[in-house]
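[1] quick one, structure for this:
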Amino acid sequence: MTSRIGPERDHELFREHRIALGAAAVFSVVAAVIFIMLANDTSAAWVQRVDDAVRDAAQASQSGPLTVAANILNVLGAWYVTWPLRLIVAGWLWLRRRWEALWVWLIAMAIYEPIVGILKELYGRDRPPDPAVGVTGLSFPSGHAVVGAAVAIGLVMVIVPAGPRQRFYEVLAGGFAFLMAASRVYLDAHWLSDVVAGTALGGAIMIGVGAVIHEVNDRLHEAPDASSG
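    Modelled structure (predicted):
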C-alpha cells in the first residue's frame, strides 16, 4: 500500500475538497459578475455610480485613527511585504517536504501574479483621482486584493489542519484580506468594485488550485492502493 511522501498525510489541505471546489465556484461567480458588468458600457455605468457613492462616503468618514489603520493595512498588502512572505512560506514547505501544499502555493502564485497585469491592461480602468498613497498602473482589478486574498487564505490552508477549524480561519482570512483591500478604497487608490472582484478572484484561484491538486493527488494514490489489495 502506498502513501504520500513524508508528513503530507499528517496535514491534508482538505478533507472535503468538493466543498472547497464549491467555495471556489462561489468566489468565481462573484468575480465574473463584476468582470462582465464592467465589460458592458451600460452596466459599467451602474457599477461606477455605486463606486462613486462609496468613495464619497469614505471621504466623508476620514479621520486620523481610521487613516492610520488604513495605511497600516495598505502596507501589509504591499509587494515588499507579500513577496518575502510568499518566498519564506515556499521555503518552509520545501524544508518540511510538504509537496502537495508547495505545489498548490507555487501554481496558484503562477496564476494570480500574471493574471492581474493582464486584466488591468484588458480593462484599462483609471484609478480614482488624487489617491492618498503612491500608486502605479491601472485600477481594475486590485492587485492588493488578489494577492492579499490568495496569500491570506493560502496561509490558512497550509498551516491549519483540514477540518471545521480550518474553514473557520479561512473565512476570517478572507474577511481580513477584504478589509486590507478596502483600505485602498478608503485611501482613494481603488474603486470598491476593484477590491471586491480582486478579493473574489484571489480566493477563487487559491482554493480552486488547492482543491484540484488535492483531487489529482488523491486519484494518483488511489490507483496503487486499489491494485495492491
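
[2] switch to C-alpha atoms for all contacts and neighbour counts from now on
    Noted.

[3] which residues touch residue 193?
    34, 47, 51, 141 (Cα atoms under 8 Å, 6 or more residues apart in numbering).

[4] helices - which of those land there?
    Among the contacts of residue 193, DSSP state H puts 34, 47, 51 in helices.

[5] and the residues you listed, which is closest to residue 71?
    Proximity of the ones in helices among the contacts of residue 193 to residue 71 (Cα to Cα) peaks at residue 51, which lies at 20.4 Å.

[6] which residues does the nearest residue to residue 106 once chain neighbours are set aside contact?
    Excluding the flanking residues, the one nearest residue 106 by Cα to Cα, 6 or more residues apart in numbering is residue 90, at 7.5 Å. With contact taken as Cα under 8 Å, 6+ apart, residue 90 is in contact with 102, 105-106.

[7] didn't residue 30 look like it was pressed against residue 200?
    Yes - Residue 30 is within contact range of residue 200, at 6.4 Å (criterion: Cα atoms under 8 Å).

[8] please point out which parts of the one helix or strand in the chain whose mean pLDDT sits lowest sit buried.
    When the helices and strands of the chain are scored by mean pLDDT, DSSP states H and E, helix 192-228 comes last with a mean of 81. With burial defined by 16 or more other Cα atoms under 10 Å, the residues of helix 192-228 counted as buried are 192-214.

[9] ok so, going back, C-terminal to the helix or strand harbouring the residue nearest to residue 106, what's the next element?
    Element membership for residue 90, per DSSP states H and E: helix 79-95. Toward the C-terminus, helix 79-95 is succeeded by helix 99-123 as the next helix or strand (DSSP H and E).

[10] having no further points to raise, I will conclude here.
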